[in-house]
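In: Structural data only, the sequence is not supplied:
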């Protein structure tokens, strides 16, 4: 161990460990989030327009000093086109990466080899995008960097029978911007929590008096929605054999008690970030980044069960793009794909926080509107239609959508809700398309 710690590679690793954890240094809610682009005209015009249209404030910086001036301006990321950097600028960027622990970098390059990718990593890159640039890939990366601040905070569940330990872990993580729930009585509180929440990560004490961490990890892994959620064991156990045996129940890593705050933050944030990437691959539609069919139907089932259990109001809509085959046949499948992505972006921009939009397949979408009356659901969908009418992606043609929307009534199953919404959608098509039709009891 002493020889290992004397290894100069270890010293270098410890000095560069900050590169694995990058965040907005001083997030200010309600203010536009800034994206910096290093180098004037370093971004394709289409990408710059899409970044602004997505609600970000884009600033092009021409020098390192200019970069430092704007770095703390509610900035979420720095986009660097490696092709336009001079050797001096590259060196300076590498120096800055070692000094700054906050700002994530999205690297763009025409060189796709290992050397260029390593350079990007040393600059603090969280993403490497080869030219020609995929604009949607950049927007997805920006969304992943900002979602924890804007709409989807990192959620951590702490399970430890000692309330003082749970309180310490909770306060440490909350100071770093995490949402934390601490449970000291797992037998009483764990299952009710898991029925209503899917945490991004679980911190789990290995040794507890009534039930041990291995047993709880086994129970957690039996839940389909929690299979990919990282589990971090907390223990003063130093036996490699015991640690390895415990890991076989589904844990990802051990943290030794007492937990160093920095070790805790690095372990939690890096695993949540990777876990969300994996989750998105499983639950997101690759073309639109909306919830895919499987995830949409799972979320619908959750909302229907919640509606039936607590009497909540719930509306569900099926949307279908009108005459979509004509677009594919007349303008090509690339234009069709762009329309599908465009409509997904319209849904993201216009639907309210708390509503869920998913792509069921082809040109069909599902919209779930919790705590919503039928008239308000129609109003929300009409807002989508109005925005679409004024923001078409092509000059050569325009497109519309039809929608069928219904309420979830007492005793209705998921299949019944979808069937009624589908009947309303069929009626909208039959009546001439480009309209919203309701079905079910009026309010």
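Out: Cool, got the structure. Owing to the predicted nature of the structure, the values given are computational and were not obtained by experimental measurement.

In: what's near enough to touch residue 334?
Out: If a contact means Cβ atoms under 8 Å, 6 or more residues apart in numbering, then residue 334 has no contacts. Where you see a C-beta, it was placed from the backbone N, CA and C, and this is true even at glycine.

In: in what helix or strand does it lie?
Out: Assigned by DSSP states H and E, residue 334 falls within helix 333-350.

In: Please work out the angle formed by the directions of the next helix or strand after that helix and helix 333-350.
Out: As assigned by DSSP H and E, the chain's next helix or strand after helix 333-350 is strand 356-361. If you take axes from the mean of the first three to the mean of the last three Cα atoms, to 10 degrees, strand 356-361 sits at 160 degrees to helix 333-350.

In: Which positions in strand 356-361 come out as buried?
Out: 356, 357, 358, 359, 360 (16 or more other Cβ atoms under 10 Å).

In: again, but for stretch 254-271
Out: Buried-residue list, stretch 254-271, by 16+ other Cβ under 10 Å: 254, 255, 259, 264, 265, 267, 268, 269, 271.

In: helices and strands around the stretch of helix or strand the second one belongs to, which ones?
Out: Residue 255 is part of strand 253-256 when elements are defined by DSSP H and E. Packing contacts for strand 253-256, counted by 3 or more Cβ pairs under 8 Å, 6 or more residues apart in numbering; DSSP states H and E, involve strand 231-235, helix 240-247, helix 261-283.

In: Sheet-wise, list the partners of that strand with their directions.
Out: strand 231-235 (parallel) (DSSP bridges).

In: looking only at pLDDT, what's the mean for the strand it pairs with?
Out: Strand 231-235 comes out with an average pLDDT of 87.

In: just to revisit the earlier point, export the helices and strands packed on strand 253-256 as JSON lines, with columns for distance to residue 123.
Out: Converted to JSON lines, the helices and strands packed on strand 253-256 look like this (distance: least, Cβ to Cβ, whole Å):
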{"stretch": "strand 231-235", "distance to residue 123": "29"}
{"stretch": "helix 240-247", "distance to residue 123": "33"}
{"stretch": "helix 261-283", "distance to residue 123": "18"}
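
In: Quick one: closest of those to residue 139.
Out: helix 261-283 (13.4 Å; Cβ to Cβ).

In: Residue 183: which of the buried residues of strand 356-361 is nearest?
Out: residue 356 (27.3 Å).

In: Mind splitting the chain into its structural domains?
Out: 2-149, 155-283, 293-439 (automatic domain parsing).

In: Considering these, which stretch scores lowest in mean pLDDT?
Out: domain 2-149 (a mean of 79).

In: quick check, distance from that one to the centre of its chain.
Out: 18 Å (Cα atoms, centre = their mean, to the nearest Å).

In: swap in stretch 219-231?
Out: The answer for stretch 219-231 is 18 Å, by Cα atoms, centre = their mean.

In: Give me the distance between the two termini of it.
Out: 12 Å (Cα to Cα, to the nearest Å).

In: List of residues touching it?
Out: Contacts for stretch 219-231 (Cβ under 8 Å, 6+ apart): 190, 194, 198-202, 204, 217, 249-253, 271-272, 274-275, 278-279, 282, 298.

In: Make sure residue 59 is indeed in a strand.
Out: Yes - under DSSP: H, G, I helix; E, B strand; the rest coil, residue 59 sits within a strand.
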